[in-house]
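J.: just a sequence and a predicted model for now, questions to come.
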Amino acid sequence: QVQLVESGGGLVQAGGSLRLSCAASGTFFYINDMGWYRQAPGKQRELVATIPSDGSTNYADSVKGRFTISRDNAKNTVYLQMNSLKPEDTAVYYCYVRAYSGYVRDYWGQGTQVTVSS
């Protein structure tokens with residue numbers, strides 16, 4: 001089993017910055033993919049950014065150039081640096097990891113609220 005603990009959400013004015021963190025703990029051999037998704041009220045959950053174990057990155061077009069995903073494998077932690085935030089970035093942000101503990105399984109964090117005021 002893998003437990004994910006997210007932190008770093010909050011309220012910020014448009015143009016501001018926030019940094020989200022997600023630490024994985026528990027019993028597993030290794031973590032493959034890590035990433036962030038978000039869900040705004042009345043909308044489906046959507047991909048924000050992912051970072052596989054090779055360190056490559058993938059971003060939604062709406063956040064390219066503003067958000068940066070990174071990971072610290074020694075700490076089993078993934079980060080999302082969010083700059084130039086816009087009101088449309090307001091959502092609950094969910095951390096995601098794909099871990100191997102005898103079998104591959106996806107795990108989700110509890111979600112952290114990000115609110116950007118205009």
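T.: Done, it's in. Everything quoted here is computed from the prediction, not taken from an experiment.
J.: run through who's touching stretch 42-52.
T.: Under the criterion CB atoms under 8 Å, 6 or more residues apart in numbering, residues 32-39, 57-60, 63, 67, 69-71, 78, 80, 91, 93-94, 96 lie in contact with stretch 42-52. In short, each C-beta sits where N, CA and C put it, glycine included.
J.: buried sites along that stretch?
T.: 48-51 (16 or more other CB atoms under 10 Å).
J.: can you tell me what sits against stretch 64-84?
T.: For stretch 64-84, the external contacting residues (CB under 8 Å, 6+ apart) are 8, 15, 17-25, 31, 34-36, 48-51, 53, 55, 57, 59, 63, 85, 89, 93, 95, 97, 114.
J.: which of the residues you listed are buried?
T.: 8, 18, 20-24, 31, 34-36, 48-51, 59, 63, 85, 89, 93, 95, 97, 114.
J.: now go through those residues and say which are in strands.
T.: Judged by DSSP state E, these include 18, 20-24, 31, 34-36, 48-51, 59, 93, 95, 97, 114 as members of strands.
J.: and Val56, how far from Arg45?
T.: Not Val; residue 56 is Ser. According to CB to CB, to the nearest Å, Ser56 stands 22 Å off from Arg45.
J.: beta partners of the most centrally placed residue in the chain?
T.: With the centre of the chain defined as its mean C-alpha position, the nearest residue by CA atoms, centre = their mean is Trp36, 2.6 Å away. Assessed by DSSP bridges, Trp36 has beta-bridge partners Ala49, Cys95.
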